[in-house]
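**Student:** Just to be clear, the model below is a prediction. Sequence and coordinates:
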Amino acid sequence: MIKVIGAIDSHTRCKHYHSEKDVLAMKFKCCGEYYGCYFCHAEAAGHDPQVWPYAEWSTKAVLCGNCSTELTIQQYLHCDYQCPVCSTAFNPGCKNHYHLYYEWPNPA
């Protein structure tokens, strides 16, 4: 089982985000650890976060809290807010925080 820092249940929910659809954990580039959310990282990590560069979006860095599948960033960003393995719904509001986790390519 993958450890998720800040998780308050077995589905990776944390004290900051704990709705039925808050079943994702994010691995942070800076420390390689999974956290329930960016607030959990800020409270526990002791260092500033780093975003995943676009060139590394093939890295498994998103954890489905329902089936424990590790998704690549690319898979997650293209999954239409549900796990591609178990079909559990993800919170679409997470898109508001993508900039905290992922570097976005500059449009040409």
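**Tutor:** Alright, I've got the coordinates. Note that the coordinates shown come from a computational prediction; the quantities given were computed from them, not determined experimentally.
**Student:** Past the longest helix seen in the chain, which element shows up next along the chain?
**Tutor:** Scanning the chain for the longest helix, with DSSP state H as the assignment, gives helix 38-44. Toward the C-terminus, helix 38-44 is succeeded by strand 60-64 as the next helix or strand (DSSP states H and E).
**Student:** picking up where we left off before, which positions in the longest helix of the chain come out as buried?
**Tutor:** Tyr38, Phe39, Cys40, His41, Glu43 (16 or more other Cβ atoms under 10 Å). In short, each C-beta sits where N, CA and C put it, glycine included.
**Student:** Contacts only, for the third one.
**Tutor:** To tie it back to what came earlier, the one meant is Cys40. Neighbour list for Cys40: Ile5, Gly6, Cys14, His16 [criterion: Cβ atoms under 8 Å, 6 or more residues apart in numbering].
**Student:** all helices of this protein, in order?
**Tutor:** Counting by DSSP H, the helices of the chain are 38-44, 73-77, 98-101.
**Student:** So which residue is dead centre in this structure?
**Tutor:** Met26 (2.5 Å; Cα atoms, centre = their mean).
**Student:** in the sheet, who's paired with that residue?
**Tutor:** The residues listed as beta-bridge partners of Met26 by DSSP bridges are Tyr35, Val62.
**Student:** For the closest residue to Cys40 other than its chain neighbours, give its distance to Phe28.
**Tutor:** Computed as Cβ to Cβ, 6 or more residues apart in numbering, the closest residue to Cys40 that is not its neighbour in sequence is Gly6, at 2.8 Å. In this view, Gly6 and Phe28 are 11 Å apart by Cβ to Cβ, to the nearest Å.
**Student:** Now do the shared contacts for those two.
**Tutor:** Residues within reach of Gly6 and of Phe28 at once, by Cβ under 8 Å, 6+ apart, are Tyr35, His41.
**Student:** For the closest residue to His11 other than its chain neighbours, list the residues it contacts.
**Tutor:** Computed as Cβ to Cβ, 6+ apart, the closest residue to His11 that is not its neighbour in sequence is Gly65, at 3.9 Å. Shown in contact with Gly65 (Cβ under 8 Å, 6+ apart): Val4, Ala7, Ser10, His11, Thr12, Arg13, Asp22, Val23, Leu24, Ala25, Thr88.
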